[in-house]
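Q: Predicted coordinates and the sequence they were generated for:
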Amino acid sequence: MEKEQKKSEKLVSIIVPAYKQEKTIKQDLESILNTLLQTRWEFEIIVVVDGFLDKTYDIARSLENKKLKVYGYETNKGKGYAIRYGMARASGDYISFIDAGMDINPNGISMLLEHMEWYGADIIVGSKKHPVSKVDYPLVRKIYSWGYHTLVGLLFGLKVKDTQTGLKVFKREVLIKVLPRLLIKEFAFDIELLSVASHLGFVNIYEAPVHLTMDFSRSTFSPFFLLDKNIRNMLVDTAAVFYRLKILKYYDDSSNRKWVYDKELDMRINTGELRNE
């Protein structure tokens with residue numbers, strides 16, 4: 001008889017940003033929910049539908065229960081905005097996000113959470129480059145990924161080898177400190193979040209393995225570097241983060257009057273203290 005896992009006293013919030021996922025959202029959310037029910041973690045799933053452009057919101061709302069909450073807004077604002085929107089409504093001690101679409105196996109969420117405990121980490125990053133990760137994606141993407149992360153290492157000094165895989169876990173206190181300073185709503189959101197956290201002293205950032213299988217039928221990636229609009233936008237936003245961080249010192253406490261305030265992204269509600277009372 002297997003020994004039953006000891007239940008964690010920590011609550012985990014999993015943010016699922018969703019954009020035009022009407023064909024897969026039901027299967028995606030059921031997979032995440034059923035996977036997490038098999039773990040030792042207390043959890044909530046927070047779905048954020050990034051624009052009412054199809055039936056994604058309606059389908060997701062039909063699945064709502066005590067473990068699964070659904071939010072959304074009419075106009076598409078970008079994945080980074082959607083994740084921050086969900087984080088502002090999260091109650092967890094640990095707050096994670098995973099991309100909808102199930103390119104990433106949701107079993108990885110539990111793996112990252114265990115790494116948080118093992119390392120006493122501030123942030124755990126799901127990484128395609130981890131030696132025991134299982135990945136299936138084309139050579140051209142591997143080459144692009146290598147080049148981009150080499151650039152990121154040079155600009156920001158981040159120790160992780162992969163910043164772009166859509167699965168990460170954060171301590172709540174990291175996000176309370178970092179989120180008010182962020183600007184990026186779409187491209188390079190992960191870079192801004194990780195580099196600002198590291199800049200503010202949250203340097204216990206580690207990688208964990210993921211199982212990733214890309215659905216090439218949904219990919220908009222162009223193998224021609226300069227012709228790919230997403231790559232160009234990513235590079236522009238990455239350069240902007242570097243400029244604000246290293247030159248303008250925008251993210252420093254001394255620049256707090258310059259930070260752009262959005263009440264929808266204010267992480268002032270559902271604090272861990274309130275939850276535990």
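A: All right, it came through fine.

Q: Nearest residue to the residue nearest the centre of the chain in space, please, no chain neighbours.
A: Closest residue to the average C-alpha location of the chain: residue 97 at 3.9 Å, with CA atoms, centre = their mean. Nearest residue to residue 97, sequence neighbours excluded (CB to CB, 6 or more residues apart in numbering): residue 15, at 4.0 Å. For every residue, glycine as well, the C-beta is placed using N, CA and C.

Q: May I see the buried residues of the helix or strand containing that neighbour?
A: Using DSSP states H and E, residue 15 sits within strand 11-18. Residues 11-18 are the ones in strand 11-18 that count as buried (16 or more other CB atoms under 10 Å).

Q: that older thread, wait, doesn't the residue nearest to residue 97 sit right on residue 88?
A: No. Judged on CB atoms under 8 Å, residue 15 makes no contact with residue 88 at a distance of 9.9 Å.

Q: Not counting the helix or strand harbouring residue 31 itself, show me its contacts.
A: Here residue 31 sits within helix 25-37, counting by DSSP H and E. With contact meaning CB atoms under 8 Å, 6 or more residues apart in numbering, helix 25-37 is reached by 14, 16, 18, 21, 43, 45, 47, 56, 59-60, 63, 67-68, 98, 100-102, 106-107, 109-110.

Q: if we can go back for a sec, and the host helix or strand of the residue nearest to the centre of the chain, how far out from the chain middle?
A: Here residue 97, judged by DSSP H and E, is contained in strand 94-98. Offset of strand 94-98 from its chain centre (CA atoms, centre = their mean, to the nearest Å): 6 Å.

Q: distance of the residue nearest to the centre of the chain from residue 170?
A: Using CB to CB, to the nearest Å, one gets 9 Å for the distance from residue 97 to residue 170.

Q: likewise residue 159?
A: Residue 159 is 16 Å from residue 170, where distance means CB to CB.

Q: Compare neighbour counts for those two and give me the winner.
A: More crowded of residue 159 and residue 170, by other CB atoms under 10 Å: residue 170, with 29 against 12.
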